[in-house]
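A.B. asks: how would this look folded up:
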Amino acid sequence: MNLRIRSLALLVAGTAAFFAFAMPSAAHAAGLTVKVGTKPAAETTSRVASFTYSALQGKKKAAGIKFTCILDGDKLGACATPDKFTKLEDGKHFYVITATKKVGKKTLSGSATYRWLVDNRAPAAPAFNAVNTAWTNAPVTLTVNGGADVGTGNSGFDRYESQTSVDGGATWNTTLVGASRTVAAAGVTNVRFQGIDDVGNRSAFITTEVRIDKTAPSIPVLAGGSAAWQKVASVTVFAAGSTDAGVGTLSYDFRTSTDGTNWSAATA
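C.D. replies: Model (predicted):
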């Protein structure tokens with residue numbers, strides 16, 4: 001009885017030892033995980049892409065790894081970190097990194113794919129909804145539309161920006177973001193808008209003028225009339241000499257009254 005028990009104990013111990021030797025470790029069974037470190041931004045204007053990467057076996061950095069890479073579907077063969085690509089064209093790109101490692105008769109593997117967009121194409125210029133360059137005495141609000149950034153490989157439209165100038169475009173003042181801009185200052189103001197896409201590419205400017213005159217012209221000088229009674233069929237009265245520092249171009253209106261209190265509608 002004792003001999004059988006010992007033999008059974010030895011058999012059980014031997015079986016346990018056999019399985020402990022034959023079973024692979026959890027790290028070996030888990031395969032490889034590829035971690036990408038340095039990489040380009042998801043949307044960028046840069047035509048250069050740099051990558052760093054590593055492989056983990058379980059939670060530990062794996063040794064004896066062989067990397068192979070694919071850029072935009074082109075198999076590059078063996079690769080090593082760090083990796084760098086230049087002269088990339090505008091459009092969508094993807095980079096696939098595959099890690100492999102021999103463990104006995106088995107090959108462990110893992111891969112990672114990174115996708116990004118290169119965009120150096122400016123969006124289309126916006127358009128004014130309406131433009132009026134005539135003189136006015138009230139604030140003017142300009143609005144724009146369009147300027148879309150469409151097409152394969154474009155990052156997408158982000159915003160409008162506008163600026164103003166009071167010296168004929170020699171210098172431009174504060175930049176505002178938005179599709180509208182109100183001008184209230186007297187004088188001639190140049191206003192320009194442009195569109196910007198998601199990665200900062202800028203469209204061409206569109207420009208117009210706003211002309212605001214808030215100053216009344218000087219009082220004109222009258223000629224041809226008389227305070228004395230005249231025995232004539234009609235009298236022609238002329239107005240002249242009025243000046244205006246803002247508009248520079250004047251027209252005259254007149255009204256008539258027979259009692260100095262009630263006046264007719266203005267007539268040019």
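
A.B. asks: partners of Lys101 in the sheet?
C.D. replies: Beta bridges link Lys101 to Leu108 when assigned by DSSP bridges.

A.B. asks: my guess is it contacts Leu108. True?
C.D. replies: Yes. Using CB atoms under 8 Å, Lys101 makes contact with Leu108 at a distance of 4.8 Å. (Each C-beta comes from the backbone N, C-alpha and C, glycine too.)

A.B. asks: shared neighbours of those two, anything?
C.D. replies: Leu32, Gln57 (CB atoms under 8 Å, 6 or more residues apart in numbering).

A.B. asks: and the next helix or strand past the helix or strand encompassing Glu209?
C.D. replies: Following DSSP states H and E, one finds Glu209 within strand 206-212. Where DSSP H and E defines the elements, the next helix or strand beyond strand 206-212 is strand 221-223.

A.B. asks: quick one: average pLDDT of that next one?
C.D. replies: Averaging pLDDT along strand 221-223 yields 84.

A.B. asks: in the stretch 1-150 of the chain, where is pLDDT below threshold?
C.D. replies: Within the stretch 1-150 of the chain, the segments meeting pLDDT under 70 span 1-30, 150.

A.B. asks: cutoff 90 now
C.D. replies: Applying pLDDT under 90 to the stretch 1-150 of the chain flags the ranges 1-31, 58-63, 103-105, 121-122, 132, 146-150.

A.B. asks: do a quick rundown of the strands in it.
C.D. replies: Ranges of strands in the stretch 1-150 of the chain, per DSSP state E, counting those that start in this stretch, are 32-36, 43-44, 49-51, 53-57, 60-61, 66-71, 74-78, 83-85, 91-103, 106-118, 126-128, 135-136, 140-146.

A.B. asks: wait, which of those is closest to Pro220?
C.D. replies: Closest approach to Pro220 among the strands of the stretch 1-150 of the chain (CB to CB): strand 135-136, 18.4 Å.

A.B. asks: for the closest one, which helices and strands make contact with it?
C.D. replies: strand 206-212 (3 or more CB pairs under 8 Å, 6 or more residues apart in numbering; DSSP states H and E).

A.B. asks: just checking, what packs against the strand it packs on?
C.D. replies: Packing partners of strand 206-212 (3+ CB pairs under 8 Å, 6+ apart): strand 126-128, strand 135-136, strand 140-146, strand 187-197.

A.B. asks: alright, calling it a day.
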